[in-house]
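Peer 1: following is a predicted model, sequence given first.
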Amino acid sequence: MGYVLLGILAGIGLPVQTSVNNRLKPRVGGPERTSLISFFVGSVFLLLWVLITEGTARLPFDRTAGYPFWIWTGGAFGVCFLLGNLFLISRVGSANTVIYPVVGQIIMGLLVDHFGWFMADVQKLTILRALGGTLVLVGMLVITGTGKETGSEKKFVSWQVPVIGIGIGMLSAAQTAINARLGAALDNPVQAALVSFSVGAILLLFICLLPGVRKQPAGKEPVPVWTWFSGVLGAFFVLTNLYVAGRIGTGIAVVA
């Protein structure tokens, strides 16, 4: 029960992070730069945590010998998830930006557990677990069906946005499973989260350097200082998810 409550606490911070990033986005010139700032701040936060707790930032690479290469790719999935959230929130608002990916997370989480993907412990899909996933789908239909559509929603919500939202949610669940495996290999969830954020930051840096991605900020008005530190919430979310998933499984972790 304690692990589930910890997962709920981390989940509370996720829509807050997305909303803060959406406010910062026009100030820094687009979602790519916003995501880079978020990943960089999260990486620095986790690096300081590792230095304080371990006394060194050196990773025990010898412990990952024999593991497949994909255990290092969790950060790439995190980049897709964060960029996808910024795409969604400007079109469907905070609530639906959480709801669509949650559906994808639960579907993917149950599949990961059932088939043992990403070297996860197998937890077969029971009738009760399937019923829980179905109830989430029904809840999504109820919540999204009672909202008032804006002009941009009428253009996208029909099918594109739900598909994109569910897709990025599935990537997020895959990231959780991958990071949990890396955390088990390193025997240190904080180091695994640091690897994930560092990989994501490097990937975003390359994306931001592409000529077509360079954009000028939409305005020069100041934003609150705290908007620059949403990466701490992201770091807490990733760290908590991989810690919880390593103990109660990816499916239950993403449900929480």
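Peer 2: Looks like it came in fine.
Peer 1: any idea how far Ala177 is from Gly165?
Peer 2: As for Ala177, its distance to Gly165 is 19 Å (criterion: CB to CB, to the nearest Å). C-beta: built from backbone N, CA, C; applies to glycine.
Peer 1: do Trp72 as well
Peer 2: 26 Å.
Peer 1: and Val138, which helix or strand is it part of?
Peer 2: helix 127-145 (DSSP states H and E).
Peer 1: cool, Leu86 as well?
Peer 2: With DSSP H and E as the test, Leu86 turns up in helix 74-115.
Peer 1: and Arg27, how many neighbours?
Peer 2: A count of nearby residues for Arg27, using other CB atoms under 10 Å, gives 17.
Peer 1: ok, Arg27 touching Ile37?
Peer 2: No: Arg27 is beyond contact range of Ile37, at 10.1 Å (criterion: CB atoms under 8 Å).
Peer 1: low-confidence stretches in the stretch 51-200 of the chain?
Peer 2: Flagging of the stretch 51-200 of the chain using pLDDT under 70 yields the residue ranges 144-158.
Peer 1: now do 50
Peer 2: 149-156 (pLDDT under 50).
Peer 1: skipping adjacent residues, who's closest to Gly234 in space?
Peer 2: Gly42 (4.9 Å; CB to CB, 6 or more residues apart in numbering).
Peer 1: what about the one you found, which SS state?
Peer 2: helix (DSSP: H, G, I helix; E, B strand; the rest coil).
Peer 1: again with Gly66
Peer 2: coil.
Peer 1: again, but for Leu125
Peer 2: coil.
Peer 1: that one reaches Asp113, doesn't it?
Peer 2: Yes: with contact defined as CB under 8 Å, Leu125 reaches Asp113; the gap is 7.5 Å.
Peer 1: of those two, give the one with the bigger neighbour count.
Peer 2: Using other CB under 10 Å, the more surrounded residue of Leu125 and Asp113 is Asp113, with 26 against 14.
Peer 1: if I pick the more buried one, what's in contact with it?
Peer 2: With contact taken as CB atoms under 8 Å, 6 or more residues apart in numbering, Asp113 is in contact with Ala120, Asp121, Val122, Gln123, Lys124, Leu125, Gly249, Thr250, Gly251.
Peer 1: what's the distance between it and Ile89?
Peer 2: The gap separating Asp113 from Ile89 is 29 Å, by CB to CB.
Peer 1: again with Val195
Peer 2: Counting by CB to CB, the separation of Val195 from Ile89 is 27 Å.
Peer 1: so which residues of the stretch 101-250 of the chain form helices?
Peer 2: Counting by DSSP state H, counting those that start in this stretch, the stretch 101-250 of the chain has these helices, from start to end: 127-145, 151-156, 160-186, 189-208, 230-248, 250-255.
Peer 1: how about Ala10: what's its closest non-neighbour residue?
Peer 2: Thr240 (3.7 Å).
Peer 1: next, count neighbours for the one you found.
Peer 2: 23.
Peer 1: for it, give me the pLDDT.
Peer 2: Thr240 is assigned 91 on the pLDDT scale.
Peer 1: select only the buried ones of the contacts of Asp113 in ChimeraX?
Peer 2: With 16 or more other CB atoms under 10 Å as the criterion, this ChimeraX line picks the buried residues out of the contacts of Asp113:
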select :120,123,249,250,251
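Peer 1: contacting residues around the nearest residue to Leu46 once chain neighbours are set aside?
Peer 2: With CB to CB, 6+ apart as the criterion, Leu46 has its nearest non-adjacent residue at 4.1 Å, and that residue is Leu194. Leu194 makes contact with Ser43, Leu46, Leu47, Trp49, Val50, Ala57, according to CB under 8 Å, 6+ apart.
Peer 1: brilliant, that's me finished.
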